[in-house]
Each structure stands twice: as structure tokens, then as C-alpha cells.
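Asker: the following block contains a protein sequence and its predicted model.
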Amino acid sequence: MNRAVRILYFARLRESLGLSAEEAALPDDVADVAGLMRWLAARGGAWQQEFDGCRQIRAAINQELVPDAAPVAAGDEVAFFPPVTGG
Amino acid sequence: MSVRVQHGDFDAGAEIARLRRSDPGIGAVASFIGQVRDVNDGATVGTLTLEHYPGMTEKTLAEIIERARTRWDFFDALIIHRIGKLEPLDQIVMVAVAGSHRDECFSACEFIMDYLKTEAPFWKKEQTPEGERWVDARVSDDVARQRWEQ
């Protein structure tokens, strides 16, 4: 089954990955945010550096902040970014 | 209740005037303005660039005002946050709360700023003489927010 999601990257991640958005088809074994991060880390290089768990990354699904255990479903807009620094 | 994310500057005096005149039951307005400093973490800041997550930003700020409304009774609240390139002395953010009495206005204004700092998807990048750098989140901002959760 093709599970397509839209993934957005902001701030430091957008720069280090050289990408602001992509459409991705999730493999069957990716069920939650943590799984998606492991899958992205496996791309190697900057992806591994950002998503191997050493750097602080926040995730949002459909524009709501979520914990790493949050499930990811087909059609979701998933965003990854560093801790926020507005104000 | 209004939330605005914009490149341009704002007139804080005019915004407060509009807010306080919106209802004759209003007896107090508390406001906060944040501006760009020329020094941060030991480096001279030439310019600051603010990036955000369009859509989620506006939604998060509106939710923060609604959360404040479940705790305090106030008539109206306003959040303005700028994005793009800013310089020292430029205004970045304004929060204003209008209510019957000062207590709920002061508290709601602080609450809104503490949640804005830790949940609204904005990111600052500083341009310094040594080059560009992304600003790190501060633990003190998380501590400031956590006091409302106790």
C-alpha cells in the first residue's frame, strides 16, 4: 500500500538537508514519528547527522506539535524543525 | 482576538488605542513589546532573519490566546509577530491584552508570551561579524512556560 506523506523542513534542517519540502511514500515499517526519523536518518550524510537522535528536533503533524510516538498516516503533513526561537 | 504575522512594522500606540476602545467595560490594557538587541551570546548582531511555518504559526498563536481565555477573563487580545530581516532596535513582537482589571491582563500577557516563545514555530538567524548562526532555544524560556503548568 502506498502511504504518501508531505514532509516539511524548517530553519537549520532546511539548510543542512538542502530541502524545504518533499512528497514521500512511507515504507510499511514506518508507523510513527520516531520511525520516520529513523528512516530519514538511513539516507546517510546530513540526514543521518540531523535524525540520528543526537540533535534536538521537534515534529508537527498537520500543524500540531507532537511527541515522537505520534502515529503517521497517509496524507499527513509532517514537519521537522529545531526548537523554536521566536518572540 | 487577533493574530498577525507580517513583514512590516507596526504602530504599538495605535494598536493599543484600538484595543482599549473596543469595549467600555475595559479598565486595563497590559502590553509587551520585544525588540532586536545588538548583542546576543557575546556576539554583535548586525541583522536578524526570522523564518516561520506559515499556517501553523497563526494556528498556534490563536490557540495560545484561547488557552489564556480558559484561565483569565478578558475582553480582547492581540498578537503581532514580524518575520523577515530585522535590525537592532526594530520591533519583533507585540502582545496586548484588554480586560476589566490589571491582574488578568498582566497574567494573560505573560502567559501568551511564555507560550509564544516555546511553541510558536518561529526561528531566528543572526548575522554577526563572524558569520551567520541559528539562535539556540533557551532553557530559561522552557522554565518560564512550565510555571503555568504547575
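Answerer: Yes, it's here.

Asker: any idea which helix is longest in chain B?
Answerer: Taking DSSP state H as the criterion, chain B has its longest helix at helix B:102-119.

Asker: just checking, what packs against that one?
Answerer: strand B:28-35, helix B:56-71, strand B:76-82, strand B:91-99, helix B:139-146 (3 or more C-beta pairs under 8 Å, 6 or more residues apart in numbering or on different chains; DSSP states H and E). Every residue, glycine included, has its C-beta placed from N, CA and C.

Asker: which one of those lies closest to residue B:119?
Answerer: Checking those against residue B:119 by C-beta to C-beta gives helix B:56-71 as the closest, at 5.7 Å.

Asker: tell me how many other residues surround residue B:51.
Answerer: Per other C-beta atoms under 10 Å in any protein chain shown, the neighbour tally for residue B:51 reads 19.

Asker: ditto for residue A:64
Answerer: Residue A:64, neighbours per other C-beta under 10 Å, totals 13.

Asker: quick one, helices of chain A?
Answerer: For chain A, the helices defined by DSSP H cover A:11-17, A:33-41, A:46-51.

Asker: out of those, flag the one nearest chain B.
Answerer: Smallest distance to chain B across these (C-beta to the nearest C-beta): 3.7 Å, for helix A:11-17.

Asker: next, the buried residues of the closest one.
Answerer: A:11, A:12, A:13, A:14, A:17 (16 or more other C-beta atoms under 10 Å in any protein chain shown).

Asker: give me the mean pLDDT for that helix.
Answerer: Per-residue pLDDT over helix A:11-17 has a mean of 97.

Asker: what lies in contact with it?
Answerer: Helix A:11-17 has contacts (C-beta atoms under 8 Å, 6 or more residues apart in numbering or on different chains) with A:9, A:20, A:46-47, A:49-50, A:57, A:80-82, B:51, B:123, B:125, B:134.

Asker: export the longest helix of chain B as PDB, just CAs?
Answerer: The C-alpha trace of helix B:102-119 is given here as PDB (Å, rounded to 0.1, in the frame of the first residue of the first chain):
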ATOM      1  CA  ARG B 102      -5.000  44.700  35.600                       C
ATOM      2  CA  ASP B 103      -4.400  41.300  37.300                       C
ATOM      3  CA  GLU B 104      -5.900  39.200  34.500                       C
ATOM      4  CA  CYS B 105      -4.300  41.400  31.800                       C
ATOM      5  CA  PHE B 106      -0.800  41.200  33.300                       C
ATOM      6  CA  SER B 107      -1.100  37.400  33.800                       C
ATOM      7  CA  ALA B 108      -2.600  36.700  30.400                       C
ATOM      8  CA  CYS B 109       0.100  38.800  28.600                       C
ATOM      9  CA  GLU B 110       2.900  37.000  30.300                       C
ATOM     10  CA  PHE B 111       1.300  33.600  29.700                       C
ATOM     11  CA  ILE B 112       0.800  34.400  26.000                       C
ATOM     12  CA  MET B 113       4.500  35.500  25.600                       C
ATOM     13  CA  ASP B 114       5.800  32.400  27.500                       C
ATOM     14  CA  TYR B 115       3.900  30.000  25.200                       C
ATOM     15  CA  LEU B 116       4.700  32.000  22.100                       C
ATOM     16  CA  LYS B 117       8.500  31.700  22.900                       C
ATOM     17  CA  THR B 118       8.300  27.900  23.400                       C
ATOM     18  CA  GLU B 119       5.600  26.700  21.000                       C
END
